[in-house]
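Asks: here is my input; please provide its structure:
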Amino acid sequence: MKYAFLIYGDEKRQYQPGTPEAEQLMADYNAFTQEVQGAGVIVGGEPLHDTRAATTVRVRGGERLVTDGPFAETKEQLGGFYVLECTDLDEALAWAAKIPTAWGADYDGSIEVRPVMVFE
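Replies: Numbering: from 1, shown residues only. The predicted structure is shown next:
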């Protein structure tokens with residue numbers, strides 16, 4: 001079964017590029033990505049630009065409404081995702097615990113794990 005791993009963190013608490021902390025986080029992400037590639041479970045995944053680059057579209061009364069920014073103001077923002085093929089939720093949760101954003105007290109992130117719907 002495919003699971004989406006939605007990576008959330010507080011953009012205001014992100015490590016600044018070029019700092020030792022940011023470099024270590026990227027090294028940890030590269031190691032995780034290599035691990036899931038080596039295990040043959042990765043289907044896809046990408047980092048996302050921060051919410052300043054987001055645009056939200058709604059259609060109301062047949063009219064398109066475009067707003068700069070994300071859908072809602074929240075403490076945590078979606079920063080990226082993975083999609084992995086896992087045998088069950090237990091395996092998915094084990095992989096989620098290895099995603100670096102889940103570990104950091106400094107970054108205070110979380111990983112939302114969701115099964116992917118498959119339409120046949």
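
Asks: quick one, strands of the chain?
Replies: If DSSP state E is used as the criterion, the strands of the chain fall at 2-9, 42-47, 55-60, 63-68, 77-85, 110-115.

Asks: and the first one, what's buried?
Replies: It stands for strand 2-9. Buried residues in strand 2-9, counted by 16 or more other CB atoms under 10 Å: 2-5, 7-9. Every residue, glycine included, has its C-beta placed from N, CA and C.

Asks: would you reformat the residues you listed as JSON lines and include pLDDT and distance to Gly69?
Replies: What follows is the buried residues of strand 2-9, written out as JSON lines (pLDDT from 0 to 100; distance: CB to CB, whole Å):
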{"residue": "Lys2", "pLDDT": "97", "distance to Gly69": "29"}
{"residue": "Tyr3", "pLDDT": "97", "distance to Gly69": "28"}
{"residue": "Ala4", "pLDDT": "97", "distance to Gly69": "23"}
{"residue": "Phe5", "pLDDT": "97", "distance to Gly69": "24"}
{"residue": "Ile7", "pLDDT": "93", "distance to Gly69": "19"}
{"residue": "Tyr8", "pLDDT": "91", "distance to Gly69": "16"}
{"residue": "Gly9", "pLDDT": "87", "distance to Gly69": "17"}
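
Asks: among these, which one sits closest to Cys86?
Replies: Of all the buried residues of strand 2-9, Tyr3 has the smallest distance to Cys86: 5.3 Å, by CB to CB.

Asks: which residues sit in contact with that closest one?
Replies: 83-84, 86, 89, 92, 95, 113-116 (CB atoms under 8 Å, 6 or more residues apart in numbering).

Asks: any idea how far the lengthiest helix in the chain is from the chain center?
Replies: Longest helix of the chain, by residue count under DSSP state H: helix 20-38. Centre-to-centre, helix 20-38 and its host chain are 14 Å apart (CA atoms, centre = their mean, to the nearest Å).
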